[in-house]
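Undergrad: Structure, please.
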Amino acid sequence: MPTRRGWAAFGAGISLWIVARFVGSPDLHMVAAGIAVMPFLAAGFVRWSNVRLEVHRTLSMVRVFPGTRVTVSLTITNKSRVTAPFLLLEDALPHSLGTSARLVVCGLPPRNHETVSYSLLCRRRGRFTVGPLSIFISDPFGLARVRISTPTESELIVYPEVEEIDAWNLAFHGAGTGESSVRHLQHSAAEFYTMREYVTGDDLRRIHWPSVAHTGQLMIRQDEATRRSTATIFLDNRISALGQDGSVAFERAVSVAATVGRLLTQKGFALQLAKVDSPAAPVGETRLLEILAGVATARIKGMSEALVALRATARSDTSLALISAPPLSTEVQSMLRIGSGFGRKLAVFVYQVNTTRIPDRAAAEIEARATSARTSLQHAGWDVFLIQPDGRLAEVWQSSRNRRLRPVGSFS
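TA: Okay, here's the model as predicted:
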């Protein structure tokens with residue numbers, strides 16, 4: 001198929017032929033005819049050039065966090081016996097990752113390959129598909145082009161943003177030792193199998209002093225059959241609570257769930273993830289981040305049913321982390337009822353809008369609802385945090401720790 005340049009050459013040839021008719025120059029007639037026919041000869045060349053190409057795409061990383069730059073490499077192999085002409089590659093990208101990438105390969109010899117690459121910046125979480133790839137075979141003058149589509153696609157998972165917070169507020173309250181609540185000691189020293197670093201609450205009698213002398217850190221003998229403490233993350237993904245997909249409040253809530261969940265798994269908790277549209281299911285760190293990378297909002301009005309289902313999985317040694325918007329009074333009552341079945345309870349409420357950027361009356365209503373919910377839950381033993389949609393969990397997390405560590409009688 002002729003390109004714009006090819007049609008322009010055809011038009012120029014016709015115009016030149018008309019001029020030649022008026023001038024009466026046979027030589028000019030020949031030049032005009034050659035220019036007019038050239039685009040169609042080029043089209044025949046690229047269509048019947050009999051080029052067989054094989055393409056492989058590789059990504060430098062397939063699971064990344066926002067802000068990471070990923071390099072995409074395309075390896076083109078010429079499987080035919082003729083040199084491949086000018087190749088224009090166009091790799092389709094989702095809108096969130098940018099515009100389609102365009103690359104050029106010139107004169108690829110037979111039985112040879114060439115690798116070209118481009119980079120893309122992952123700005124927001126999601127599960128994305130890179131591809132398919134379109135190959136445009138063109139003549140050296142760019143007068144004609146034929147398109148070949150390859151079905152190859154690659155998946156790219158961009159995790160939610162995960163903040164760095166410490167585990168001071170996740171210390172488990174209940175039986176067992178350490179933050180992961182280890183139990184059921186073995187009766188034989190032969191069942192010793194590993195060591196780990198000391199965490200707050202471990203039995204000091206189990207310190208392995210030879211390892212301490214060797215590493216300079218307190219090490220605990222892990223000679224026990226363990227049943228890790230469990231923790232449940234509940235994400236309120238209702239549109240009515242945190243807004244549409246991609247809204248600042250919803251993305252902040254997903255980031256909070258990823259931050260707290262990742263910290264829990266790293267501290268040895270067996271984690272479950274629940275949403276208003278799905279029951280609690282066990283997840284590891286990688287699976288948690290993958291689910292949250294693709295989580296979407298649900299068109300469900302209330303969360304009472306989801307909380308009732310969550311209550312059925314509760315145990316007195318299970319920790320609960322609930323992420324939602326500042327709740328209504330009826331929702332607070334539901335939280336109080338289900339919270340009685342859990343051990344440690346944590347709630348993070350993300351404002352739907354920044355209260356400093358809305359009229360004072362509307363901001364006062366939202367603040368009053370949030371304050372009322374926090375007071376009720378704190379009286380029931382919950383730890384409650386309030387975050388602006390453009391705020392940071394790490395900041396309120398650390399400020400809460402500083403308030404608790406402030407000496408009695410301090411006025412600063």
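
Undergrad: Can you give me every residue that contacts Ala321?
TA: The neighbours of Ala321, taking CB atoms under 8 Å, 6 or more residues apart in numbering as the test, are Ala231, Thr232, Ile233, Phe234, Ala257, Val260, Gly261, Leu264, Leu346, Ala347, Val348. All C-beta atoms are positioned from the backbone trio N, CA, C, and that covers glycine.

Undergrad: For Thr58, state which of those residues is nearest.
TA: Gly261 (30.0 Å; CB to CB).

Undergrad: What distance do you get for the residue nearest the centre of the chain to Ile76?
TA: For the chain, Tyr159 is the residue whose C-alpha lies nearest the centre (CA atoms, centre = their mean; 2.2 Å). Tyr159 is 31 Å from Ile76, where distance means CB to CB, to the nearest Å.

Undergrad: Figure out how far stretch 260-277 is from the centre of its chain.
TA: Here stretch 260-277 is found 16 Å from its chain centre; the criterion is CA atoms, centre = their mean, to the nearest Å.

Undergrad: shaky segments in this structure?
TA: 1, 46-50, 139-140, 168-194, 199-203, 222-228, 401-412 (pLDDT under 70).

Undergrad: List the contacts of the longest helix along it.
TA: Ordering each helix of the chain by length in residues (DSSP state H) puts helix 26-47 first. Where contact means CB under 8 Å, 6+ apart, the residues beyond helix 26-47 that reach it are 1-2, 6-7, 9-10, 12-14, 16-17, 19-21, 85, 137-139, 141, 143-146.

Undergrad: Now that helix: buried residues?
TA: His29, Ala32, Ile35, Ala36, Met38, Pro39, Ala42, Ala43, Phe45, Val46 (16 or more other CB atoms under 10 Å).

Undergrad: Please apply the same query to stretch 68-84.
TA: Val70, Val72, Leu74, Ile76, Thr77, Asn78, Ala84.

Undergrad: Tell me the one of these nearest Ile291?
TA: Distance to Ile291, by CB to CB, is smallest for Val70 among the buried residues of stretch 68-84, at 20.8 Å.

Undergrad: May I have the residues that are in contact with the closest one?
TA: If a contact means CB under 8 Å, 6+ apart, then Val70 has Leu59, Ser60, Met61, Val64, Ser119, Leu120, Leu121, Cys122, Leu156 as its contacts.

Undergrad: Name only those of the residues you listed that count as buried.
TA: For the contacts of Val70, a burial check counting by 16+ other CB under 10 Å picks out Leu59, Val64, Leu120, Cys122, Leu156.

Undergrad: For the first one, give me its contacts.
TA: Taking CB under 8 Å, 6+ apart as the criterion, Leu59 is in contact with Val70, Thr71, Val72, Ser73, Val130, Ser154, Leu156.

Undergrad: which one is the fifth one nearest to, not counting chain neighbours?
TA: Think Val130. Leaving out its chain neighbours, the residue that sits closest to Val130 by CB to CB, 6 or more residues apart in numbering is Ser154, at 4.6 Å.

Undergrad: Wait, that neighbour touches Arg127, no?
TA: No: using CB atoms under 8 Å, Ser154 is not in contact with Arg127; the gap is 11.7 Å.

Undergrad: Go ahead and list the helix or strand containing Thr115.
TA: Following DSSP states H and E, one finds Thr115 within strand 113-121.

Undergrad: ok now the helix or strand following that strand, how far from the chain's centre?
TA: The C-terminal neighbour of strand 113-121 among helices and strands, as given by DSSP H and E, is strand 126-130. Taking CA atoms, centre = their mean, one finds strand 126-130 lying 9 Å from the centre of the chain it belongs to.

Undergrad: what residues does strand 126-130 touch?
TA: Residues from elsewhere that reach strand 126-130, judged by CB under 8 Å, 6+ apart: 57, 59, 72, 91-94, 96-97, 153-158, 290, 293-294.
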